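> Quick one, what's the 3D model for this:
(2 chains)
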2 protein chains.
Amino acid sequence: MKSSKETIPQLFEAALSGERRSLGKLLTLVERGGETADDVAGLAHRKAGNTHVIGITGAPGSGKSTLTGRLLELFSQTGHNSAVLAVDPSSPLTGGAILGDRIRMDDLTDENSFIRSMATRGHSGGLALAVPAAIQLFDAVGYKPVIIETVGVGQVEVDVAGAADTTVVVVTPGMGDAVQANKAGLLEVADIFVVNKSDRPGANDARRDLDLMLDLGHISGLEEKTGYRPPIIMANSLEGTGSQEIIEAIENHANHLKSSGSIKVRQDQRTLMEIQNRVELLIGTTAKETLSTEFGKAMINAVLNRETSPAQAAKSIVNSLLND
Amino acid sequence: MKSSKETIPQLFEAALSGERRSLGKLLTLVERGGETADDVAGLAHRKAGNTHVIGITGAPGSGKSTLTGRLLELFSQTGHNSAVLAVDPSSPLTGGAILGDRIRMDDLTDENSFIRSMATRGHSGGLALAVPAAIQLFDAVGYKPVIIETVGVGQVEVDVAGAADTTVVVVTPGMGDAVQANKAGLLEVADIFVVNKSDRPGANDARRDLDLMLDLGHISGLEEKTGYRPPIIMANSLEGTGSQEIIEAIENHANHLKSSGSIKVRQDQRTLMEIQNRVELLIGTTAKETLSTEFGKAMINAVLNRETSPAQAAKSIVNSLLND
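Numbers count the residues shown, from 1 in each chain, chains lettered A, B, ... in the order given. Have a look, this model is predicted:
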């Protein structure tokens, strides 16, 4: 069987030469995780470092996927090979809408673009490793930009969005979205705001809310330091209005990152976060194993008999695990 | 200043004697985390182990809070001191409805009941520690049952719900909720199903869907082993119908847990999960510290210079950290 299969380096070489099917296979390996995924990520990492990563995030129903499709079209028309990674971060009860969106977006795929969705229900650790590996794969084989689309349902999402070079936060009128985005910590990671479905009542209110929050928030401190204030763009992605302005805002932000030197900071930050996630995952595995040792079992029993507290037991277990 | 403040053991003694304000303060300390929270949790753990924990979960808008309020009323009328812990697990963009629900529920507070909401945006680690600690606090001071209400948006939620003695999954008609709940892994943790808003079209379909899934799913395997099949209860929590049946179903399930001996298994499972979460959190902190050592920095630089991969660097860092 093995002789008929391509090795990972072979698949990677083929993907580098533009073979889409091989790229697809590598992405599947990355998604599955484990040693093989690490091997793929290792190869990709060596060649990566040239793309621009755009994060697009917002609540379900905000029209992110349609918007992403519009941007993809425009990038393709101007000769860019762009890739989309649509991440569905363990969002079971809102997941239906995303799948629907996905199908609509797939219609827009052309030979310059590559769209891939990644479902990660049930293992956020997997998400933390598979997303950067997939970005590096797209990066290594020459896709620029790489767009990550995530659904606005929690911390994972802020992490993913925050790991992008340029983060676009999409809100819609009339649902208090701006306020919710603020609560979510999304304002702090936003480089560009899009008020989508701007033909709806309340669009100007949403814009004003965002403007006010930018004025008031601790973001203003950041703004003073960096000289960059996130623009707020009115769009209607169903009709395509606003898309060109968003592209320009992304380019403007990319230029700002380059001229201020913060592009390197963001990219290094992304790498650091990946190493950290990997360290935590590896150690987490060891910790679980320790719970099954004689010592681990004794500690658990002491807690169950209420002789010691879970916090004390955890401290003893960790101390037994670590070098002095 | 310090002399005018109560110590943690003093607060705990006061809470044990029924002082609600002291209990509130302890819950705040638990929510804030850190060493102080561990001290509170340690005291609570020693006295805990007598309550029944009910998890109530479902999608936003399924009427969970109204339902919880109804159950609280009934428990209070039959002389139970029950506590509600409403957990909002980093659910920023769907959070609005929950807060609204909260206010409605607060109207129902009486002297037998204690309601507390816990927002945990931005630190799922905090959620993992604060929720069990809060449960143990309520348990220690004599609340029975303790109801945990969570919002159906992901893995955290399945974890929290799964940690209860009795988990009630609330679905609503006509939204494919049953299918979504299945996708979310909620069916596997459900001990009782409630089809809420049962006056709406599609209520019977929702019931049939759930019934079918119980027939088909791997849950049936479990059912054969335990002799317990989760009942499906039609309810309309706005009007109060179904609430009495839910209480009876909870009591029935509690009796089943006792007679089958699985109550001890569930409680031990909960303790084990808490220790595990604490171990992982402690180790995560150590891992972060290691990244700042000379060795850690050298490894990070090797990755940034693309001399090694993030996976390789992580392995080396973890090996340097652990005992042989």
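> residues in contact with stretch A:285-301?
Identification of contacts with stretch A:285-301 by CB atoms under 8 Å, 6 or more residues apart in numbering or on different chains yields A:308, A:313, A:316-318, A:320-321, B:271-272, B:275-276, B:279-280, B:283, B:318, B:322. Backbone N, C-alpha and C define where each C-beta goes, glycine included.
> If any of these are buried, give me the ChimeraX selection for them.
Buried subset of the contacts of stretch A:285-301, written as a ChimeraX selection, criterion 16 or more other CB atoms under 10 Å in any protein chain shown:
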select /A:308,313,316,317,318,321 /B:271,275,276,279,280,283,318
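> Among the contacts of stretch A:285-301, which one sits closest to B:Arg32?
When those are compared for distance to B:Arg32 (CB to CB), B:Glu280 wins out at 19.8 Å.
> For that closest one, give me its contacts.
A:Glu280, A:Ile283, A:Gly284, A:Ala287, B:Gly125.
> And the first one, how close does it get to A:Thr166?
This points to A:Glu280. 27 Å (CB to CB, to the nearest Å).
> Please name the spatially closest residue to A:Ala164 (chain neighbours excluded).
A:Gly55 (3.1 Å; CB to CB, 6 or more residues apart in numbering or on different chains).
> Pairing partners for that neighbour in the sheet, please.
A:Ile148, A:Thr167 (DSSP bridges).
> ok, it touching A:Thr150?
Yes. Between A:Gly55 and A:Thr150 there is a contact under CB atoms under 8 Å: 7.0 Å.
> where's the dip in pLDDT among the contacts of stretch A:285-301?
Between the contacts of stretch A:285-301, the one the model trusts least by pLDDT is B:Leu322, at 77.
> Quick check: bridge partners of that residue?
Here B:Leu322, judged by DSSP bridges, has bridge partners A:Leu322.
> show me what contacts it?
A:Ile283, A:Thr286, A:Leu321, A:Leu322, A:Asn323.
> one more time with 10 Å
A:Leu282, A:Ile283, A:Thr286, A:Thr290, A:Leu321, A:Leu322, A:Asn323, B:Ile283 (CB atoms under 10 Å, 6 or more residues apart in numbering or on different chains).
> so what's the first one up against?
To tie it back to what came earlier, the one meant is A:Leu282. Here A:Leu282 is in contact with B:Ile283, B:Ala287, B:Ala311, B:Ala314, B:Lys315, B:Ile317, B:Val318, B:Asn319, B:Leu321, B:Leu322 (criterion: CB under 10 Å, 6+ apart).
> quick one: which of those is nearest to A:Gln136?
Nearest to A:Gln136 among those is B:Ala311, at 11.3 Å by CB to CB.
> Is that closest one part of a helix or strand, or is it coil?
helix (DSSP: H, G, I helix; E, B strand; the rest coil).
> Per-residue confidence, A:Glu6, what does it come out as?
The model's pLDDT for A:Glu6 equals 87.
> which SS state does the residue nearest to A:Arg200 when sequence neighbours are not counted fall under?
Using CB to CB, 6+ apart and skipping the chain neighbours, the partner closest in space to A:Arg200 is A:Pro173 (4.5 Å). Following three-state DSSP, A:Pro173 is assigned to coil.
> ok, so what distance separates A:Pro173 from A:Phe193?
For A:Pro173, the distance to A:Phe193 - CB to CB - is 13 Å.
> isn't A:Ala134 right next to A:Leu85, touching?
Yes. If you go by CB atoms under 10 Å, A:Ala134 and A:Leu85 touch, sitting 5.3 Å apart.
> Let me see the ranges of the strands in chain A.
A:53-58, A:83-88, A:114-119, A:146-151, A:166-171, A:192-195, A:232-234 (DSSP state E).
> The contacts of B:Glu280 into a markdown table, with extra columns for distance to A:Gly227?
Listed next are the contacts of B:Glu280 as a markdown table, based on distance: CB to CB, whole Å:
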| residue | distance to A:Gly227 |
| --- | --- |
| A:Glu280 | 35 |
| A:Ile283 | 40 |
| A:Gly284 | 40 |
| A:Ala287 | 44 |
| B:Gly125 | 35 |
